[in-house]
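# How does the following fold in three dimensions:
(2 chains)
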There are 2 protein chains.
Amino acid sequence: MQKRPRVVVVGAGFGGMQAAQSLANSGAEVLLIDRYNYNSFIPLLYQVAFAQLEPGLIAYPVRTLFRNTPNVRFLMANVQQLNVTQKFIETERDVIPFDYLVLATGSQSRVAGVPGADRTAFPLRSLTDAIALRNQVLQCLEKASHEPDSAKRQQLLTFVIVGGGATGVEVAGALVELLRSLGRRDYRMLRREKAQIVMLQAGDRLLPDLPPTLGAYTGKKLRHIGVDVHLGVKVSQVTPEAVYLQNGQSICTETVVWTAGLEAAVPQSREAVETTTRGKLVTLPTLQLPNFPEIYAIGDVAQVAEADLTGVAPEALQQGVAVARNIKLQLKGRSPKPFTYFNKGRLAIIGCYSGVGYIAGIPLKGFLPWFMWLAVHLVYLPGFRNRLLVFLSWLQAFVLGDRAARAILPSTSQVLSNAASVAQKSAFQQ
Amino acid sequence: MQKRPRVVVVGAGFGGMQAAQSLANSGAEVLLIDRYNYNSFIPLLYQVAFAQLEPGLIAYPVRTLFRNTPNVRFLMANVQQLNVTQKFIETERDVIPFDYLVLATGSQSRVAGVPGADRTAFPLRSLTDAIALRNQVLQCLEKASHEPDSAKRQQLLTFVIVGGGATGVEVAGALVELLRSLGRRDYRMLRREKAQIVMLQAGDRLLPDLPPTLGAYTGKKLRHIGVDVHLGVKVSQVTPEAVYLQNGQSICTETVVWTAGLEAAVPQSREAVETTTRGKLVTLPTLQLPNFPEIYAIGDVAQVAEADLTGVAPEALQQGVAVARNIKLQLKGRSPKPFTYFNKGRLAIIGCYSGVGYIAGIPLKGFLPWFMWLAVHLVYLPGFRNRLLVFLSWLQAFVLGDRAARAILPSTSQVLSNAASVAQKSAFQQ
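Numbers count the residues shown, from 1 in each chain, chains lettered A, B, ... in the order given. Now for the predicted structure:
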């Protein structure tokens, strides 16, 4: 009996999951590897960070997705080293040979070049990031509610967002919604204190991937709901107490959300592979690495030749389908075909019942793209249970205006005891 | 204007929450303190640990519970020191004077005396504990699914429960359910490998707080569903690789769940207060500390004179009501009254659609007490949203037999890299 070819897929994000699913009936043995045992639904991370959704609702067990596909196996491991000429990869404990390799390891926040940002700013690229940011925001509110010093209180209630792309805009809108909801109900001090949300965008407009009119609308909308939007502003340093700008100004805050730029998350390779300045793997139009026809890269980790891509989920999904098709062609001894992206349009959510969209050349603004954004993401969310529970959570959030997912789970006491050294006197001493 | 008296309630568990709620209209200013910002619904912790429920569904924000009671304020802090004669408490950063104090700080796992148990065994007393145990069990399954060495695989698939009280029994049943569900669907190796669940009970019967016939039924039921129940067995040591018994035997396992005994979690006190061997505060029948008529203790932290209590939630709830009544009497210049417990009966859940109960002198066994246990806990769970989502999760778990809450969240990579040093060779090397 002839040995079945082995396809190793590294990364269980949009691209990797789709590739493994599309390879289900290929006749190959598929091994899907991820460092987590779940697929994170990245577009809804911001809703976890701002207490609309329980983290588990956007985390779908990888094994559950592949219950009925016996040729796909799952391994939870960190891939630490690629060996592209001898065709194997290394994890913490295994050496795994492959016949074909699909790299779908995604991206991570790029904070290089700004002192302090890597230690102090909050990225929003994983579920762990989202939970850490949620805990930070809720702890700031808890501390502010008993802080006697007004300058310190203002610092705790100031939230700075670095970056004015889709994630930055989502974060700003969701923060406004969170503070409004909690201020009305659970933190009475927010009625007299003014929480401040500041957005710092290096470029000259928001949402640079969309037409300028939509960026302008988004800026107007964010200012209208109370966000302090600054364009053409660059961050020079982040400390636990403040963020410093290149123009010499500074903002006192304990919470800096870093959404300004990503870089590819590529495992180390023993041999040289061609990469871009952002660390992306350069691929041929067929998604193959040059000189390594059995190795593919897709999604955020890939820079596809002759393609104009912006790093959104539909691109990774379509690349997952294409890479599976190309491997199947190779298995039959035929040549892979170039990837072509079918752009169905773009949507971005602002919050407070507003969004923007650009579909078939038509710009959309306001309630309709907001509603469409939610509907599209509900449809794409894996798992009936998660879809139902997210839908119910949205009813609660958007109809009742409540924020329920607010338990501060890990190492609460640690953060609080750090704060203790800063505080001088107590609101309770009389 | 006369200053309103201040009642400080420490601990937002069953007793503390009920005390604060019952003091809502007392005319006193109530300050409720907890180190977490949420109330944990302890009876359902085991369902979080075995992937039936998302952690957030049994964590209810304290502030939400007191939205409509303006005289109750909340402070998230660790109470570090009591000063019972001068009547103030100290947190990490505040000194808080009180006129009346209600101590409702609950209990913690008691592992003293067994070497290694405090570092290695998994307690199940907080949401953080439950998440850590869930991660451990799921990681053992992930590791076992790719472990080439059969002895090591058996070690990973052996789960030891120390203690045969209500928590130990719940844990054993839920583990059986989890392994059955995942073996059928997501971990095909569980069909050929035999997972082993071992229960070690020091006493001569299970569920010692209930009549012996019910303990015997529980043991028979647990053995029937595959749990290896040992009575009269004491643990002498726990290591990361095994648990050692006083009779000289040992069991190779990486997972020891510690449910065998609790001790009171009392903040330090500058002055001597009377405690029992388990660290409980001795109180008068009125729940007051002897010699300190303005200081009360309720729930697991209290040893009430002349009362025969076993440490269940209804006792804490009724004590919460009683302590509020007594403080209101004192505010009017009258004498506090003794606490009397109205025992509505006891229920314990085994799992696999079985439970036991003892209500109005009638012992119950099988499906009825199982169903009643779930129904009663659903009714007592705070918050409509949580109740609805828990109900839906139960439908999924008990009707569809699925376990969905399976994302391994914190520090996954750490645990995996620890495992790397143990493993010798790889299932993938060929």
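# A:Arg334: neighbour count?
Using other CB atoms under 10 Å in any protein chain shown, A:Arg334 has 10 neighbouring residues. For every residue, glycine as well, the C-beta is placed using N, CA and C.
# did I read that right, it in a helix?
No: counting by DSSP: H, G, I helix; E, B strand; the rest coil, A:Arg334 is not part of a helix but coil.
# for the residue nearest the centre of chain A, what are its contacts?
Compute the mean C-alpha point of chain A, and by CA atoms, centre = their mean the closest residue is A:Arg125, 3.6 Å away. Applying CB atoms under 8 Å, 6 or more residues apart in numbering or on different chains, we find A:Arg125 in contact with A:Ile42, A:Leu45, A:Ser107, A:Gln108, A:Ser109, A:Leu262.
# run the last query once more with 10 Å
A:40, A:42, A:45, A:106-109, A:167, A:258-259, A:262, A:265, A:300 (CB atoms under 10 Å, 6 or more residues apart in numbering or on different chains).
# among the residues you listed, which are in reach of chain B?
Residues of the contacts of A:Arg125 in contact with chain B (CB under 10 Å from any CB of the partner chain): A:Ser40.
# Of all pairs in the contacts of A:Arg125, which one is the farthest apart?
A:Ser40 and A:Trp258 (17.9 Å; CB to CB).
# what about whatever residue of the stretch 1-150 of chain A ends up closest to chain B, neighbour count?
Nearest residue of the stretch 1-150 of chain A to chain B, counting by CB to the nearest CB: A:Ala59, 3.5 Å away. By the measure other CB under 10 Å, the count of residues near A:Ala59 is 26.
# What of the one 3 residues further on?
Look at A:Val62: counted by other CB under 10 Å, it has 25 neighbours.
# next one: the one 5 residues further on
Burial of A:Arg67, expressed as a neighbour count using other CB under 10 Å, amounts to 13.
# Now do the contacts for it.
A:Pro61, B:Arg184, B:Arg185, B:Asp186, B:Arg188.
# Near the spatially closest residue to the fourth one that is not a sequence neighbour, how many other residues are there?
The shortest distance from B:Asp186 to any residue that is not its chain neighbour, by CB to CB, 6 or more residues apart in numbering or on different chains, is 4.0 Å, and that residue is A:Arg63. Here the neighbour count serves as a burial measure; for A:Arg63 (other CB under 10 Å) it reads 23.
# helix/strand/coil for A:Arg63?
A:Arg63 ends up helix, using three-state DSSP.
# measure A:Arg223 to chain B for me?
Counting by CB to the nearest CB, to the nearest Å, the separation of A:Arg223 from chain B is 30 Å.
# For the stretch 101-250 of chain A, what lies in contact range of chain B?
Going by CB under 10 Å from any CB, the residues of the stretch 101-250 of chain A near chain B are A:127-128, A:131-132, A:135, A:138-139, A:141-143, A:145-148, A:182, A:184-188.
# can you give me phi and psi for A:Gly56?
Backbone geometry at A:Gly56, expressed as degrees, to the nearest 10, gives phi -60, psi -20.
# Any of the residues of the stretch 101-250 of chain A next to chain B buried? List them.
By neighbour count, with 16 or more other CB atoms under 10 Å in any protein chain shown, those hold A:127-128, A:131-132, A:135, A:138-139, A:141-143, A:145-147, A:182, A:185-188 as buried.
# who touches the spatially closest residue to A:Phe41 that is not a sequence neighbour in this structure?
Sequence neighbours aside, A:Ile58 is the residue nearest to A:Phe41 in space, at 4.1 Å (criterion: CB to CB, 6+ apart). Contacts for A:Ile58 (CB under 10 Å, 6+ apart) come out as A:38-45, A:47-48, A:127, A:130, A:377, A:381-383, A:386, A:390, B:407.
# so what's A:Ala404 up against?
Per CB under 10 Å, 6+ apart, neighbours of A:Ala404: A:51-54, A:181, A:393, A:396-397, B:56-57, B:59-61, B:64, B:383-386, B:389.
# redo that, cut-off 7 Å
A:Gln396, B:Arg385 (CB atoms under 7 Å, 6 or more residues apart in numbering or on different chains).
# Over to A:Asn39?
By CB under 7 Å, 6+ apart, the neighbours of A:Asn39 are A:Ala12, A:Gly13, A:Met17, A:Tyr60, A:Val62, A:Leu65, A:Pro382.
# Sort out which one of those residues lies nearest A:Arg325 for me.
Proximity of the contacts of A:Asn39 to A:Arg325 (CB to CB) peaks at A:Met17, which lies at 15.9 Å.
# so where do the strands sit in the stretch 101-250 of chain A?
All strands of the stretch 101-250 of chain A, identified by DSSP state E, counting those that start in this stretch, fall at A:107-109, A:158-162, A:196-201, A:227-231, A:235-238, A:242-245, A:250-252.
# Kindly report the same for the stretch 251-400 of chain A.
Under DSSP E, counting those that start in this stretch, the stretch 251-400 of chain A gives strands at A:255-258, A:262-264, A:268-269, A:281-283, A:288-289, A:292-297, A:302-304, A:346-351, A:354-359, A:362-366.
# who touches the first one?
Okay, so that is strand A:255-258. Contacts for strand A:255-258 (CB under 7 Å, 6+ apart): A:109, A:111, A:117, A:120-124, A:133, A:136-137, A:140, A:159-162, A:171, A:238, A:243.
# and it, how far out from the chain's middle?
Centroid separation between strand A:255-258 and its chain, computed with CA atoms, centre = their mean, to the nearest Å, is 14 Å.
# circling back: quick check: the residue of the stretch 1-150 of chain A closest to chain B touching A:Leu44?
No: using CB atoms under 7 Å, A:Ala59 makes no contact with A:Leu44, being 10.2 Å away.
# what's the neighbour count on A:Lys344?
So A:Lys344, with other CB under 10 Å, has 11 neighbours.
# What of the one 4 residues further on?
Here the neighbour count serves as a burial measure; for A:Ala348 (other CB under 10 Å) it reads 25.
# Which one of the residues in the stretch 251-400 of chain A is closest to chain B?
In the stretch 251-400 of chain A, no residue comes nearer to chain B than A:Arg385, which is 5.4 Å away by CB to the nearest CB.
# That residue against B:Gln396, yeah?
Yes: A:Arg385 lies in contact with B:Gln396 (CB under 7 Å); the separation is 5.9 Å.
# For B:Ala305, find the nearest of the strands of the stretch 251-400 of chain A.
strand A:255-258 (49.7 Å).
# And the helices in chain A, which stretches?
A:14-22, A:45-49, A:62-65, A:117-120, A:127-144, A:150-156, A:166-185, A:212-224, A:313-331, A:367-380, A:384-394, A:412-422 (DSSP state H).
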